[in-house]
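# Sequence and predicted structure are below.
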Amino acid sequence: MLSRLMNRKTVGAGLVLIGLFFAAGFAGSCDTGSMCFLKAALGALVSLTLMGTGAILIGGEQNEGTL
């Protein structure tokens, strides 16, 4: 049962969702003064990396040999 849930599309969708929540959390955090710009920019890059990895796992890249 667990192996049926842990396929590439499910894991990829989970990574995209987690990255989306991280990106939403970092949006506007510098405006309120709760964190510095460098930390917010680094967090945003990490969240974009998570979303990109999830998109590749879902099927964004057809030729996996080029990864």
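Thanks, I have it. Numbering: from 1, shown residues only.

# pLDDT weak spots in this protein?
Along the chain, the model assigns pLDDT under 70 to residues 1-5, 28-34, 60-67.

# Please, where are all the strands along it?
Listed in chain order, the strands found in the chain under DSSP state E amount to none.

# quick one: the helices in it?
Counting by DSSP state H, one finds helices in the chain at the ranges 2-5, 8-26, 29-32, 37-55.

# Run the angle between the second one and helix 37-55 for me.
Comparing the axes of helix 8-26 and helix 37-55 via axes from the mean of the first three to the mean of the last three CA atoms, to 10 degrees yields an angle of 160 degrees.

# For helix 8-26, C-alpha coordinates in CSV please.
Once non-C-alpha atoms are left out, helix 8-26 reads as follows in CSV (Å, rounded to 0.1, in the frame of the first residue of the first chain):
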residue,chain,number,x,y,z
ARG,A,8,7.2,9.9,-8.5
LYS,A,9,4.1,12.0,-9.1
THR,A,10,3.0,11.9,-5.4
VAL,A,11,6.4,12.8,-4.1
GLY,A,12,6.8,15.5,-6.8
ALA,A,13,3.4,17.0,-5.9
GLY,A,14,4.4,17.0,-2.2
LEU,A,15,7.6,18.8,-2.9
VAL,A,16,5.8,21.4,-5.0
LEU,A,17,3.2,22.0,-2.2
ILE,A,18,5.9,22.3,0.5
GLY,A,19,7.9,24.7,-1.7
LEU,A,20,4.7,26.8,-2.4
PHE,A,21,4.1,27.1,1.4
PHE,A,22,7.7,28.1,2.0
ALA,A,23,7.5,30.7,-0.8
ALA,A,24,4.3,32.1,0.6
GLY,A,25,5.8,32.3,4.1
PHE,A,26,8.8,34.3,2.8
